[in-house]
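Student: Here you go, sequence then predicted model.
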Amino acid sequence: MIMAIMARRLLGLRIGRVRALLTGCVGLLVAGIVGTPMGPEASRTPLVTVQLGAALIAAMIFLAVSEAMVPSGSVRGVVRWPGALRRRLARSRRYTQLSGIAVRHGLRRFLTGRPRRTATSPQEQAELARSLRLALEEAGATFVKLGQVLSSRYDLLPDVFVEELSSLQHEVAPEPWPDIERLLTEELGAPPAEVFAHFDPEPLAAGSMAQVHRARLRDGHAVAVKVQRPGARRIVERDLDILFRLSDTLERHTTWGRTVGSRELARGFAESLHEELDFRTEARNTAAVAANTTPAAGNGTAGTTADGTGEGAGTPPPGTT
């Protein structure tokens with residue numbers, strides 16, 4: 001290790017433990033090879049200096065050559081390369097899918113910097129707004145949420161767009177009960193039948209990110225249990241990555257994108273979506289509301305968490321409240 005440290009200092013390189021060990025071994029090997037022909041005379045001080053000098057030079061050569069052939073950190077990159085490739089392929093497939101959706105609904109031209117005739121008549125704007133709404137619906141949960149956010153931005157969009165985006169569907173097909181039951185069991189540490197006195201497998205409502213089920217605690221309180229859809233966070237992260245790229249393209253190549261600040265809009269949307277995915281924030285807000293609600297006005301459900309212990313039970317899992 002001393003040999004490796006000396007070689008590294010002389011060459012001014014930063015190396016890992018494995019490369020340092022190999023460098024030291026090469027130096028010791030060369031010292032042994034050089035010292036063998038010397039025989040008993042190798043113990044004399046001048047010859048020891050020759051051995052150490054040859055070992056140090058060999059260690060430096062090995063270190064320089066190995067660093068040139070396999071730079072530090074490249075092995076770690078190679079190990080991570082398959083995963084990165086899978087993520088890139090998944091992103092490419094999703095991007096191709098979104099591009100196909102934009103083409104089908106006549107929106108592809110808005111993602112390029114080519115000159116285009118803007119929709120000026122009320123009929124053209126209404127058709128464009130409808131195309132945008134249909135494209136967002138087809139693109140999935142993340143983009144439906146984006147449309148819902150945009151529907152409240154009267155400062156960014158004409159009224160016809162706001163009205164059309166406001167009609168985005170809030171009710172979607174619920175997740176199958178076996179998937180929800182498995183998720184609840186993982187997050188609560190026990191099947192719903194053991195945690196609750198009763199749990200209705202039919203959802204009361206279903207949205208793009210979560211669905212709500214009626215249930216009753218062991219103490220008799222009626223509660224509503226909100227369960228995040230399995231895989232929702234993974235899907236959101238994948239789509240947000242693409243949304244950032246699209247917003248960057250809009251801001252660089254379109255006047256509208258620069259006017260509304262599409263990059264900043266995408267960042268703000270991502271922050272709000274991440275907060276929405278963490279149900280613990282919603283549970284804390286519900287508990288805060290319950291703390292300021294008189295017993296007579298409430299029904300015993302506010303602030304009740306899915307672990308079945310009622311108000312003040314602590315923080316629930318991030319995907320269940």
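Tutor: Noted; the coordinates are in hand. Numbers count the residues shown, from 1 in each chain.
Student: The chain: helices as residue ranges?
Tutor: Using DSSP state H, the helices of the chain run over 2-11, 17-35, 45-69, 74-104, 122-139, 141-150, 159-165, 177-188, 192-195, 232-253, 255-260, 262-277, 279-291.
Student: Let me see the mean pLDDT of the longest one.
Tutor: Across helix 74-104, the average pLDDT comes to 74.
Student: before we move on, the earlier item: quick one, which of the helices of the chain is nearest to Gly220?
Tutor: helix 192-195 (14.4 Å; C-beta to C-beta). Placement of C-beta: from N, CA and C, glycine included.
Student: List the buried residues of the closest one.
Tutor: Pro192, Val195 (16 or more other C-beta atoms under 10 Å).
Student: State the mean pLDDT of it.
Tutor: 93.
Student: would you put the C-alpha positions of that helix in PDB?
Tutor: Only the C-alpha atoms of helix 192-195 are listed here, as PDB (Å, rounded to 0.1, in the frame of the first residue of the first chain):
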ATOM      1  CA  PRO A 192     -56.900  -5.500   6.000                       C
ATOM      2  CA  ALA A 193     -59.300  -8.000   7.600                       C
ATOM      3  CA  GLU A 194     -57.000  -8.100  10.700                       C
ATOM      4  CA  VAL A 195     -56.500  -4.300  10.900                       C
END
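Student: before we move on, back to that, which of the helices of the chain sits most buried?
Tutor: helix 141-150 (a mean of 20; mean count of other C-beta atoms under 10 Å).
Student: helices or strands up against that one?
Tutor: The contact analysis (3 or more C-beta pairs under 8 Å, 6 or more residues apart in numbering; DSSP states H and E) places helix 141-150 against helix 122-139, helix 159-165, helix 232-253, helix 262-277.
Student: how about that helix as CSV, C-alpha atoms only?
Tutor: Provided in CSV are the C-alpha atoms of helix 141-150 (Å, rounded to 0.1, in the frame of the first residue of the first chain):
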residue,chain,number,x,y,z
ALA,A,141,-52.4,9.7,-15.1
THR,A,142,-49.4,12.2,-15.0
PHE,A,143,-50.6,14.2,-17.9
VAL,A,144,-54.3,14.1,-16.7
LYS,A,145,-53.0,15.7,-13.5
LEU,A,146,-51.1,18.3,-15.6
GLY,A,147,-54.4,19.1,-17.5
GLN,A,148,-56.2,19.5,-14.2
VAL,A,149,-53.6,21.9,-13.0
LEU,A,150,-53.7,23.9,-16.2
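Student: what's the angle from that helix to helix 232-253?
Tutor: On the basis of axes from the mean of the first three to the mean of the last three C-alpha atoms, to 10 degrees, helix 141-150 is oriented at 60 degrees to helix 232-253.
Student: Now do helix 141-150: everything it contacts.
Tutor: 132-133, 135-137, 156-157, 161-162, 165, 168-169, 172, 208-209, 229, 232, 235-236, 239-240, 243, 269, 272-273, 276 (C-beta atoms under 8 Å, 6 or more residues apart in numbering).
Student: Good, we can wrap up now.
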